[in-house]
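[1] Would you be able to build a 3D model of this:
(2 chains)
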Amino acid sequence: MITPVVQARGIVKRYGHVTAIDHSDFELRPGEVLAVIGDNGAGKSSIVKAICGATIPDEGEILIEGKPVEFSSPIEAREMGIEIVYQNLALSPALSIADNMFTGREIRKKGWLGKYLRMLDKPAMEKFARDKLTELGLMTVQSIKQPVETLSGGQRQGVAVARAAAFATKFIIMDEPTAALGVKESRKVLELIQDVRARGIPIILISHNMPHVFEVADRIHIHRLGKRLCTIDPKDYTMSDAVAFMTGAKEPPAEDAA
Amino acid sequence: MSDTTTTAQKGQDFEKTLDQSDTKVATFEVKHHTLLERIQHVLHNNPTLVPVIVLLVSLSAFGLIAGGTFFSAFNLSLILQQVSIIGILAAAQSLIIITAGIDLSVAAIMVLMSVVMGNLAVFAGVPSGFAILIGLFGGIGAGVMNGWFITKVKLPPFITTLGTWSIFYALLLWISGAQSIRGQDIDTEAPFLKFFGAAFNIGGARITLSALLMIVVFIALWYMLNKTAWGRHVYAIGDDKDAAEMSGIRTDRTLLSVYGLAGFVCALAGWASIGRVGSISPQSFYEGNLDSITAVVIGGISLFGGRGSIMGALFGALIVGVFRSGLRLSGVDVLWQVFAIGWLIIIAVAIDQWIRRVSA
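    Got it, this is the predicted structure:
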């Protein structure tokens, strides 16, 4: 059997009297796009946050590529090659595209300028950013030095995805990447997701948009009442089935349906 | 099954016509940008241009009004000398305002540390170099204390520094016994405290070391803010702290370092002030915190954080100095100097708002 990229067992997270995650399991396999769907408040964001260190679970274990991990912050997860594209993108509007791509992992100049004066190697960072954006077909921006606030919503999403794709070595988490976008821009992001998968980097996609989920996902993790209800193969079920499972209108198939 | 594969390639059914969709980007009636709009755009991209222009205009205006005495090398170097202490404080203040904070305690830290240095060196017999070192470390400590309340206790910077302003002020009155240290005592006991008061002449201009220190401080901080990762993080935090945190910046640690560095710069200003003033008075620079904010604001650094160059604060401090000197030499009553500075602040912020409304 292939080792899953992420395997979580019996994750529990309580906030006072509220149980956000109730003995939930989670599995991400190599090279796949796993969609996570669930009703509002089902805890789909919570379980994903527990995987990337944004919340620390009270119980349960998380294995990344078979090795147990205990992240205390998303920064630690990031150091392992786990990238997150947040819904609100986490970009600094007044900084340039290149600055934003490298926030927290800037390249310093070689030699004494970098070592003692800690001088940034801006040309190298700009070149890298330009290459990455070109690779993903996003080099429609005028200049890599322009501030992010001058970009459209779709372009900003592109920068955030490019940043994740450029640095992820394990997997990428995308939280509602198409929620704020128009039809064309959503299409672009879905193409980006497929591009990234084609390079062998698995993606966890949190989304409410059923057509988008059914289009790009290899498996769908349905979350209900704080735990994994089941995972399904989108080829075997319809969108209305998925909605019925997730709202409890229909009994789920056995856990290992997919 | 073949169904799904085709949809996977072409997208959703309702998107089928997307290929034929109009590729035109929204165009509007081509409107020639007015001169004003173009100016607005240029200023948006170069926020420091405003204070530079104001400085040049006010220099030439006062040159015309007040005549040759204003433009003499001596007077211009005197302005530099007069703004040096507030200028250094403004540099510290800029660091904090760029993070979208504010520091009301900068002048209190400065005077407190000058009092500490003076008392140790003059009365306690501590070697001056050592006393200064203690003062500089004390400045870092005071700054880190502000930063600790702001990052760990999560208090707003305004409230924190309003509190520490009083605390530091009370401490400095206690340490000094509300007594000044006379210049002669410093000269006999610890002349090194007055190091930055030394000056040299170049062609009629009298350049003090404190003025040079101010310029060095600005250049060093400008370098740190613009050429290092730390500086980019400082801007990112001021821009959007949550986004900065999510994109992997340890924001609390960076903020602590900002407040610590600002405290150090304030203590440096404290040392320089001993040379500049010639004595150590616990009552001096009581409004220094507000003066430093004035310089920062006139320098075009946004109080909302994340925008503006620290060099703007240098020009802001110089503009205030030029106004003071120019109005004085024109024979205008002191109260009108204060009046003019007030208008400068309001106009500077109004211009900042106007520039930020630019359509990209």
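
[2] pLDDT score assigned to B:D252?
    Listed pLDDT for B:D252 reads 94.

[3] Tell me who's in contact with it.
    Counting by Cβ atoms under 8 Å, 6 or more residues apart in numbering or on different chains, B:D252 makes contact with B:151-152. No exception for glycine: its C-beta is placed from N, CA and C like everyone else's.

[4] where's it, which helix or strand?
    If you go by DSSP states H and E, B:D252 is part of helix B:251-277.

[5] Find the centremost residue of the chain, please.
    No chain specified, so I'll use chain A. For chain A, the residue sitting closest to the mean C-alpha position, by Cα atoms, centre = their mean, is A:I173 at 1.2 Å.

[6] please go with chain B instead
    B:S94 (2.8 Å).

[7] one step back: for the residue nearest to the centre of chain A, which residues make a bridge with it?
    In this entry, A:I173 is beta-bridged to A:I84, A:I204, by DSSP bridges.

[8] I'd guessed it sits against A:R78; true?
    No - between A:I173 and A:R78 there is no contact, the gap being 10.8 Å when judged by Cβ atoms under 8 Å.

[9] Report the set of residues contacting both of these two.
    Counting by Cβ under 8 Å, 6+ apart, the residues touching both A:I173 and A:R78 are A:I84.

[10] The residue nearest to the centre of chain B and A:V148: what is the separation?
    23 Å (Cβ to Cβ, to the nearest Å).

[11] go on, B:Y235?
    Taking Cβ to Cβ, one finds B:Y235 at 12 Å from A:V148.

[12] hey, what's in contact with both of the two?
    Shared contacts of B:Y235 and A:V148, counting by Cβ under 8 Å, 6+ apart, come down to A:92, A:94-95.

[13] Roughly how far does B:G129 sit from chain A?
    24 Å (Cβ to the nearest Cβ, to the nearest Å).

[14] tell me which residues in the helix or strand hosting B:I53 are buried?
    Using DSSP H and E, B:I53 falls within helix B:49-66. Across helix B:49-66, burial judged by 16 or more other Cβ atoms under 10 Å in any protein chain shown covers B:49-52, B:54-55, B:58-59, B:62, B:66.

[15] Redo those as TSV? Include pLDDT and distance to B:L173.
    Listed next are these as TSV, based on pLDDT from 0 to 100; distance: Cβ to Cβ, whole Å:
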residue	pLDDT	distance to B:L173
B:L49	85	43
B:V50	84	39
B:P51	88	35
B:V52	90	40
B:V54	87	38
B:L55	90	37
B:S58	87	37
B:L59	89	39
B:F62	87	38
B:A66	79	39
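
[16] Do a quick rundown of the strands in the chain.
    No chain in the question, so chain A it is. A:6-15, A:18-28, A:33-38, A:59-64, A:67-69, A:82-85, A:171-175, A:203-206, A:219-224, A:227-232 (DSSP state E).

[17] that's the other chain; I wanted chain B
    B:199-202, B:205-208.

[18] from those strands, which stretch is densest packed?
    Mean neighbour count, computed with mean count of other Cβ atoms under 10 Å in any protein chain shown, is highest for strand B:205-208 among those, reaching a mean of 18.

[19] counting contacts, what elements does that strand pack onto?
    Applying 3 or more Cβ pairs under 8 Å, 6 or more residues apart in numbering or on different chains; DSSP states H and E, we find strand B:205-208 packed against helix B:73-98, strand B:199-202.

[20] and the longest one, which residues are buried?
    The neighbour-count check on helix B:73-98 (16+ other Cβ under 10 Å) flags B:75-98 as buried.

[21] Tell me if it is near chain A.
    No - against chain A, helix B:73-98 shows no contacts by Cβ under 8 Å from any Cβ of the partner chain, the least distance being 10.4 Å.

[22] Count the residues that sit near the residue of chain A found nearest chain B.
    Taking Cβ to the nearest Cβ, chain B has its nearest neighbour within chain A at A:G104, 3.2 Å off. Residues near A:G104, counting by other Cβ atoms under 10 Å in any protein chain shown, number 18.

[23] Surely it and A:I75 touch.
    Yes - if you go by Cβ under 8 Å, A:G104 and A:I75 touch, sitting 7.5 Å apart.

[24] any shared contact partners between these two?
    Counting by Cβ under 8 Å, 6+ apart, the residues touching both A:G104 and A:I75 are B:G248.

[25] Could you list the low-pLDDT ranges of chain A?
    Within chain A, the stretches with pLDDT under 70 are A:1, A:139-142, A:254-258.

[26] Residue numbers of it in contact with chain B?
    Proximity of chain A to chain B (Cβ under 8 Å from any Cβ) is limited to residues A:74-75, A:78, A:84, A:86, A:88-95, A:99-100, A:103-106, A:108, A:117-120, A:149-150, A:163, A:183-184, A:187, A:190, A:211, A:215-216, A:234-235.

[27] Among those residues, name the buried ones.
    By 16+ other Cβ under 10 Å, the residues of chain A next to chain B give A:74-75, A:78, A:84, A:86, A:89-95, A:99-100, A:103-104, A:106, A:108, A:118-120, A:150, A:163, A:187, A:190, A:211, A:215-216, A:234 as buried.

[28] Quick check: B:A108 vs chain A, distance?
    31 Å.

[29] what sits against that residue?
    B:164-165, B:168-169, B:172, B:289 are the contacts of B:A108 under Cβ under 8 Å, 6+ apart.

[30] try it again with 10 Å
    B:142, B:161, B:164-172, B:266, B:285-286, B:288-289 (Cβ atoms under 10 Å, 6 or more residues apart in numbering or on different chains).

[31] Which pLDDT value goes with it?
    96.

[32] Can you verify my assumption that B:L104 contacts B:P156?
    No - B:L104 is beyond contact range of B:P156, at 11.4 Å (criterion: Cβ atoms under 10 Å).

[33] what touches both of the two?
    B:L162.

[34] Between those two, tell me which one has more neighbours.
    Using other Cβ under 10 Å as the criterion, B:L104 and B:P156 rank with B:L104 on top: 22 against 12.
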